[in-house]
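Q: The following comprises the amino acid sequence and a computationally predicted model.
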Amino acid sequence: MFSFAAGTVLLMIGIIAALISRDKWSPASVFPLTWAFGLWGVSASEVFGFYPIESEALLLYIAGSLVFSIVGIATYEMLRKLNHNTVAYGYFYNPINARKMVFFFCLLHLAVLPSIYIDLTSLSPDLVQAAYIARQRSVEGDEVLGWAASNYLQVGTMLIPLFVVCYLKKWCSASSLLIISTPWALLILLASGRSGLLQLLIGVMFIWVIVRGKLSAKLVFWVGGCFILVLIGGAIATAKVALDSDESAGDFVYTFLEHFAGYAFQGPVLFSRYFDGDISLEPLWSPFSSICHMLSFVGLCIPDPQHLAFNRYAPYLEGNVYSMYFSLYPKFGVLGVIAFLSLYSAISTYTYFKAKAGNVYYMMLASFFMSSIVLSLFSDQISSSWWSLIKLTVLIALVFVLFTDRKKIRRDRAMINQSAGQTPAT
């Protein structure tokens with residue numbers, strides 16, 4: 001009941017933020033709405049026996065969303081005033097020769113993806129079992145794939161949104177998008193688990209909003225269908241939901257819904273239990289974890305494990321997901337939560353604003369930050385990904401060096417000059 005009431009307060013904050021910013025997809029609106037639906041989900045999940053949230057942790061969730069929205073609105077309005085009369089132009093506004101890029105990555109697929117498949121089947125000839133083993137080893141901190149293969153899959157999570165941009169701008173066809181994205185996505189699911197692919201799907205939806213200005217019913221249908229397939233397939237592949245011949249269809253649906261609820265909503269429950277002192281665990285998450293990871297390359301820091309201890313979010317259900325707040329509160333308290341959420345809000349709002357202006361690089365960043373906001377219910381993707389964002393920056397810069405459509409730029413400039421020359425003098 002308390003979770004539902006807090007969720008309603010957050011819903012009001014999200015609606016007000018959307019009205020003030022005049023943009024329902026701005027980070028200032030998306031963050032409180034995400035937590036509103038998350039807390040409503042927690043309240044509904046009490047049907048499955050989830051522990052109710054009846055503590056001051058709810059006040060922290062409300063305060064965090066309020067701060068995020070206020071900073072986001074202020075940042076958005078400041079950027080509007082500063083950029084009121086400016087024209088969007090620059091290196092990352094240039095068109096991409098998508099056909100050339102598709103051909104290049106098709107060749108790379110033929111060279112790299114079979115080796116990844118071989119690495120997986122070496123774990124087990126059964127791909128489902130191989131995916132389960134890969135996930136278990138990943139949780140234990142073991143390397144499943146080689147350096148080149150694992151980085152190529154990470155490149156996939158970075159570049160699939162770029163290919164979506166190319167499709168939306170009509171630089172490539174839907175078939176080209178599918179040819180490039182499908183094998184990448186399947187191997188990401190098998191080798192890395194669901195979280196990366198789910199974040200990718202959420203990011204693609206925001207890419208669509210940024211380029212087209214709204215979601216289409218067709219996109220929601222297809223992305224929603226893929227989302228469900230990834231959840232079900234990942235649950236079966238990791239043996240978290242078993243296909244037992246003795247179970248009825250109703251039993252399977254109940255089991256899957258229970259699993260989905262746990263996957264989506266255990267974070268606020270477990271953090272509130274930590275906040276109340278009902279459970280204790282070492283606070284290994286930190287907003288500086290990615291910086292430590294980078295320093296570890298030169299031996300200046302030893303990163304903490306990112307997989308936390310398991311605790312119960314229901315009498316018979318365990319998880320190790322504690323929401324974004326676990327990365328901020330244990331070491332920095334309430335003031336730390338306010339400071340870091342303010343920083344996250346300003347950064348995500350800036351990238352969203354620049355992305356809407358047509359900057360392709362910022363579209364990639366905005367896709368990441370917006371999906372991280374949605375996933376803040378069970379992780380702090382932002383602080384753990386600074387190294388990945390550096391690699392993304394280098395990758396997108398390299399893409400524009402290799403694949404900028406210079407012929408189209410010259411044609412467009414010639415047309416502009418010709419039009420200017422034909423304009424009668426006044």
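A: Great, that's in hand. Predicted model, so just to flag it, every value in this text is computed and none were measured.

Q: just for the stretch 151-300 of the chain, where's the confidence low?
A: Scanning the stretch 151-300 of the chain for pLDDT under 70 picks out 193, 233-247, 249.

Q: Could you do the stretch 301-426 of the chain as well?
A: Looking at the stretch 301-426 of the chain by pLDDT under 70, you get 412, 416-426.

Q: those helices in it, which residues are they?
A: Using DSSP state H, counting those that start in this stretch, the helices of the stretch 301-426 of the chain run over 325-356, 360-374, 386-403, 406-422.

Q: what does the stretch 51-200 of the chain give?
A: So, for the stretch 51-200 of the chain - with DSSP H, counting those that start in this stretch - the helices run 57-82, 98-123, 127-139, 147-168, 174-192, 194-212.

Q: Dump those helices to a markdown table, plus mean neighbour count and distance to residue 265.
A: The way it works is simple: take the backbone N, C-alpha and C, and place the C-beta from them, glycine included. What follows is the helices of the stretch 51-200 of the chain, written out as a markdown table (neighbours: other C-beta atoms under 10 Å; distance: least, C-beta to C-beta, whole Å):
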| stretch | mean neighbour count | distance to residue 265 |
| --- | --- | --- |
| helix 57-82 | 19 | 13 |
| helix 98-123 | 16 | 31 |
| helix 127-139 | 17 | 21 |
| helix 147-168 | 20 | 24 |
| helix 174-192 | 18 | 22 |
| helix 194-212 | 21 | 14 |
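
Q: I'd like the ones you listed written out as JSON lines, with distance to residue 8 added.
A: Shown next, in JSON lines, are the helices of the stretch 51-200 of the chain (distance: least, C-beta to C-beta, whole Å):
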{"stretch": "helix 57-82", "distance to residue 8": "11"}
{"stretch": "helix 98-123", "distance to residue 8": "45"}
{"stretch": "helix 127-139", "distance to residue 8": "36"}
{"stretch": "helix 147-168", "distance to residue 8": "33"}
{"stretch": "helix 174-192", "distance to residue 8": "35"}
{"stretch": "helix 194-212", "distance to residue 8": "24"}
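
Q: Tell me which of these sits nearest to residue 391.
A: helix 147-168 (7.3 Å; C-beta to C-beta).

Q: what comes into contact with stretch 200-219?
A: Contact with stretch 200-219 is made by 25, 157, 160-161, 164-165, 168-169, 185, 188, 220, 223, 226-227, 230, 352, 355-356, 363, 366-368, 370-371, 374-375, as judged by C-beta atoms under 8 Å, 6 or more residues apart in numbering.

Q: thinking again about what came up before, quick one, which of the helices of the stretch 51-200 of the chain gets closest to residue 409.
A: Judged by C-beta to C-beta, the one of those that comes nearest to residue 409 is helix 98-123, at 14.3 Å.

Q: What helices and strands are in contact with that closest one?
A: Counting contacts by 3 or more C-beta pairs under 8 Å, 6 or more residues apart in numbering; DSSP states H and E, helix 98-123 is packed against helix 127-139, helix 147-168, helix 174-192, helix 386-403.

Q: go with 6 Å
A: For helix 98-123, the elements it packs on are helix 127-139, helix 147-168, helix 174-192, judged by 3 or more C-beta pairs under 6 Å, 6 or more residues apart in numbering; DSSP states H and E.

Q: nearest to residue 259, of these?
A: Taking these one by one with C-beta to C-beta, helix 127-139 is closest: 14.5 Å.

Q: on that earlier part again, with distance to residue 115 added, can I get the helices and strands packed on helix 98-123 in JSON lines?
A: Listed next are these as JSON lines, based on distance: least, C-beta to C-beta, whole Å:
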{"stretch": "helix 127-139", "distance to residue 115": "14"}
{"stretch": "helix 147-168", "distance to residue 115": "6"}
{"stretch": "helix 174-192", "distance to residue 115": "11"}
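
Q: Of all those, which one is nearest residue 262?
A: Each of those has some distance to residue 262 by C-beta to C-beta; the shortest is helix 127-139, at 16.1 Å.

Q: Now do the contacts for residue 300.
A: Not one residue lies near residue 300 by C-beta atoms under 6 Å, 6 or more residues apart in numbering.
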